[in-house]
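S.K.: structure for this input, please:
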Amino acid sequence: MEFKEYVIRQNKKLRRGYTTGSCAAAAAKAAAGMLLSGSVVSQAELVTPGGVRLDLEIEDISRGPDYVSCAVRKDGGDDPDATNGILIYARVERSAGPEQVSIDGGRGVGRVTLPGLDQPVGAAAINRVPRQMIREAVLEAAGACGYEGALRVTVSVPEGEEIAEKTFNPRLGILGGISILGTTGIVEPMSEEALVKSIEVEMRVRLSGGNRRLVVIPGNYGAVFSKNELGIRPEEAMKCSNYVGETIDMAVAMGAESLLFIGHIGKFIKLSGGIMNTHSRNSDSRMELLSAAALRGGAPLPVLREVLEAATTDEGLRILKEAGFLEAAMDQVMEKIGFYLAHRSGGAIPVEAMVFSNLYGLLGKTKGAEALLEECRRRWRTE
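M.R.: Numbering: from 1, shown residues only. Presented below is the predicted three-dimensional model:
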């Protein structure tokens, strides 16, 4: 049965979904009920931590002498989610263990290998809130059946290992599968909060591993340039997507020693105007900022008009290069970027940047960028 709750995002009506944690809890509740009562459960009712009531269909039931296994199909709603449509399984069996409900991960659920995550090293990547949801759901089923003994729950995701390669998990040191996630039990489509949370988690892992000087790239362009031109391996840099400001805020709050951003001019020109979320739906003004920098660099009015009319930053760069004002304009851009990065951090830590173009290579650096990069390289050489 399709979950029909909606939110409005960017003037669009989008359907909400439910998390892998909700799926695991509902499957565990149904499996426990079937194990203890001997009946067949076709639907499991669940109230999420966010207060939303779900009635989830139970699939692929299997039984043994001392266990029941079943699954719930993940529904991410209109969120672009790699786990959408997959089955999340829970196997429940009686246990002689000390815990009334013990929870572990099976096939396709990742294992934590680095400190700083929600669960300790060695544990299954089933986060705290989903664990609580599973525990409460199983205890509810046990109570309805009058059972007071111990139960063991094993969560598995047959497609999990393959899907995990499309997620942040390998970068975070979660190996062998996906994480069972969720804080409210509900998936909010196109949730900025979820993206920022993933950046926070990766940063915490890196800092917990002793890496206090962070190299940060927005996305794939930065990763390719950093590797090919600066010799930075992908695992040595973390991603921030469009959330430059939030990344700085988190780094300051978590006690990072420094940040070095490496970004494409198409996004990072916006930093020269103090714009700390570089997504196009929040701001553009690329040509305006580039032409303003060119004006401060001495470019004449006809050149400025050409830049303002350019469709892309690379086209604007070409105009400035041919007119002989590219270097002067980029000096102005980097001065402004340096000012606004320092302003956002409040001077708490050094925050520097390098800006590049796919066509013209490295375009500029803030004053302390090269020194920060060399400090990072020295650390990498000793690892």
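
S.K.: I'd like the next helix or strand past whichever helix in the chain runs longest.
M.R.: Longest helix of the chain, by residue count under DSSP state H: helix 326-345. As assigned by DSSP states H and E, the chain's next helix or strand after helix 326-345 is strand 351-357.

S.K.: could you dump the next helix or strand after that next one to CSV, C-alpha only?
M.R.: Per DSSP H and E, strand 351-357 leads on to strand 361-365 as the next helix or strand towards the C-terminus. Output in CSV follows, covering the C-alpha atoms of strand 361-365 (Å, rounded to 0.1, in the frame of the first residue of the first chain):
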residue,chain,number,x,y,z
GLY,A,361,43.3,24.7,-14.8
LEU,A,362,44.1,26.3,-11.5
LEU,A,363,42.9,29.9,-11.5
GLY,A,364,43.7,31.2,-8.1
LYS,A,365,44.4,30.5,-4.4
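
S.K.: where does this protein dip in pLDDT?
M.R.: For the chain, residues meeting the criterion pLDDT under 70 lie at 1-12, 190-191, 383.

S.K.: quick test: name the residue nearest the centre of it.
M.R.: S198 (2.8 Å; Cα atoms, centre = their mean).

S.K.: other residues contacting the longest helix of the chain?
M.R.: Contacting residues not belonging to helix 326-345 are listed as 244-245, 248-249, 251-252, 259, 261, 268-269, 271-274, 276, 289-290, 292-294, 296-299, 317, 320, 351-353, 355, 360, 363-367 [Cβ atoms under 8 Å, 6 or more residues apart in numbering]. Just so you know, the C-beta spots here come from the backbone N, C-alpha and C atoms, and that holds for glycine as well.

S.K.: in helices only, show me these.
M.R.: The helices, defined by DSSP H, take in 244-245, 248-249, 251-252, 268, 289-290, 292-294, 296, 317, 320 from the contacts of helix 326-345.

S.K.: give me the buried entries from those residues.
M.R.: Neighbour counting with 16 or more other Cβ atoms under 10 Å marks 244-245, 248-249, 251-252, 268, 289-290, 292-294, 317, 320 as buried within these.

S.K.: surely L117 meets V205?
M.R.: Yes - the pair L117 / V205 is scored as a contact, 6.2 Å apart, by Cβ atoms under 8 Å.

S.K.: joint contacts of the two?
M.R.: Going by Cβ under 8 Å, 6+ apart, residues that sit against L117 and also against V205 are 172-173.

S.K.: what's near enough to touch the nearest residue to A348 once chain neighbours are set aside?
M.R.: Leaving aside its chain neighbours, A348 sits nearest to V252 (4.6 Å; criterion: Cβ to Cβ, 6 or more residues apart in numbering). The contact partners of V252, by Cβ under 8 Å, 6+ apart, come to 345-346, 348-349.

S.K.: give me that answer again for 10 Å
M.R.: Contact partners of V252, counting by Cβ atoms under 10 Å, 6 or more residues apart in numbering, are 259, 344-349, 351.
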